[in-house]
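Engineer: pasted the sequence and its predicted model underneath.
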Amino acid sequence: MTRETRENDARPLLLTGGGGGRGDHSLGGRRQGLREAARLLRHASSGRRMRMMREPSMLVRESAAEQLEERQSDWAYSKPVVVLDFVWNLAFVAVATSVVVLSSHEKPNTPLRVWIVGYGLQCVMHMVCVCVEYRRRSNRIPSSSQYLESGSSKRFAKHLESANTMFSFIWWIIGFYWVSSGGQDLAQGSPQLYWLSIVFLGIDVFFVVFCVALACVIGIAVCCCLPCIIAVLYAVAEQEGASKEDIGQLTKFKFRKLGESEKQAQGDSGGVMTECGTDSPLEHTLPRADAECCICLSVYEDETELRELPCGHHFHCSCVDKWLYINATCPLCKYNILKDSNYEDGEEV
């Protein structure tokens, strides 16, 4: 599946940060939230502290944000999550239907009954969107007719979910206005409709606040504590990148800082990388600005083990090995270490 396909997918309840019953609010473009947060931080580099986080480091964090979104999309459409999403929305539909029937004797001064019915219809519409996308992902047959059908169903689900998202936002505002304008007369004369509307509105607000806060925490973690994110993905994710044997075949170096006399001779040099495990080791002199790991943002220390990828970029072994196990591409230039020919198409930094 291409990255563009993943970005445009409609996503179920638990990972999208939507309303309590639907999970379909946009939250300011949630589909590109992590990547856009990383790019925003990159462009906001006019301050002194942001200038310290150089361009390569920000590119690594953008790659990590994209990887997180791909993992999120895959997990969001796993069978257990989709089933839970259906159960959650069906519960809202059942509660809304029961209250509307049981409150037939209530005469609210605002059309709350209409609003609750509309809320339930949005839940049903969300389940239709999730079902279409789940079936499209499950039926992956490599044929031209399947690709055409998959593209058509993806566009249908996308447009349907976008329309439902826009309608749900407007519908929430209308419901809030009707509840507020009804006042105490509404609470006393139609208590069932009134309190159910309050509960639906409140759950929507709670989920929006929770998901915005979660997105902020993840964004900060990607920018400031990327090794922790990689370690978590490494611990919970199945291998989808390079094997440990493939990673072990990559060249390993040991870093050595220069002495005072060597610094004067070398000029602005941060140290020397010496190849490990060979009789005639290669040596690379690193400029001071390049003598740090773009993943953990730590300066290379004496005797630190480094891993150099075929594209020429180098990182701490402990940082990049976990990344390659999850994704067999360089986190900086996206060169695939398993296919040398891919480097011609890679974006060199």
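Structural biologist: The structure has been received and is ready for your questions. Numbering: from 1, shown residues only.

Engineer: and the helices in the stretch 1-150 of the chain?
Structural biologist: 3-7, 13-16, 33-43, 48-52, 55-76, 79-102, 112-138, 144-189 (DSSP state H, counting those that start in this stretch).

Engineer: tally of neighbours for residue 104?
Structural biologist: 8 (other Cβ atoms under 10 Å). C-beta: built from backbone N, CA, C; applies to glycine.

Engineer: quick one: it from residue 115, how far?
Structural biologist: Between residue 104 and residue 115 the computed distance is 16 Å (Cβ to Cβ, to the nearest Å).

Engineer: before we move on, the earlier item: could I get the helices of the stretch 1-150 of the chain as CSV with mean neighbour count?
Structural biologist: Shown next, in CSV, are those (neighbours: other Cβ atoms under 10 Å):
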stretch, mean neighbour count
helix 3-7, 13
helix 13-16, 22
helix 33-43, 18
helix 48-52, 9
helix 55-76, 20
helix 79-102, 16
helix 112-138, 20
helix 144-189, 15
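
Engineer: ok, residue 324 to residue 228 distance?
Structural biologist: 17 Å.

Engineer: and residue 320, by the same measure?
Structural biologist: As judged by Cβ to Cβ, residue 320 and residue 228 stand 15 Å apart.

Engineer: quick one, which of the two is more surrounded?
Structural biologist: residue 320 (28 against 12).

Engineer: on the three-state scheme, the closest residue to that one other than its chain neighbours is what?
Structural biologist: In space, residue 320 comes closest to residue 307 once its chain neighbours are excluded; the distance is 5.0 Å by Cβ to Cβ, 6 or more residues apart in numbering. Secondary structure, DSSP: H, G, I helix; E, B strand; the rest coil: residue 307 is strand.

Engineer: would you confirm that residue 307 contacts residue 313?
Structural biologist: No. Contact criterion Cβ atoms under 8 Å: residue 307 and residue 313 do not qualify, at 9.4 Å.

Engineer: can you check the pLDDT for the residue most central in space within the chain?
Structural biologist: Per Cα atoms, centre = their mean, the C-alpha nearest to the average position across the chain is that of residue 69, at 2.8 Å. What the model reports as pLDDT for residue 69 is 77.

Engineer: what's the spacing between it and residue 311?
Structural biologist: Residue 69 is 23 Å from residue 311, by Cβ to Cβ.

Engineer: low-confidence bits of the protein, can you list those?
Structural biologist: Scanning the chain for pLDDT under 70 picks out 1-54, 140-154, 156-157, 236-239, 259-268, 340-349.

Engineer: redo the helices of the stretch 1-150 of the chain as TSV? Include distance to residue 246.
Structural biologist: As requested, the helices of the stretch 1-150 of the chain are exported to TSV (distance: least, Cβ to Cβ, whole Å):
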stretch	distance to residue 246
helix 3-7	22
helix 13-16	31
helix 33-43	27
helix 48-52	34
helix 55-76	18
helix 79-102	30
helix 112-138	28
helix 144-189	30
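
Engineer: got the phi and psi for residue 251?
Structural biologist: In terms of degrees, to the nearest 10, the main-chain angles of residue 251 are phi -70, psi 130.

Engineer: that one reaches residue 306, doesn't it?
Structural biologist: No. Residue 251 is not in contact with residue 306 according to Cβ under 8 Å; the separation is 9.1 Å.

Engineer: so between the two, which is more surrounded?
Structural biologist: Shown here are residue 251 and residue 306; by other Cβ under 10 Å, residue 306 has more neighbours (23 against 16).
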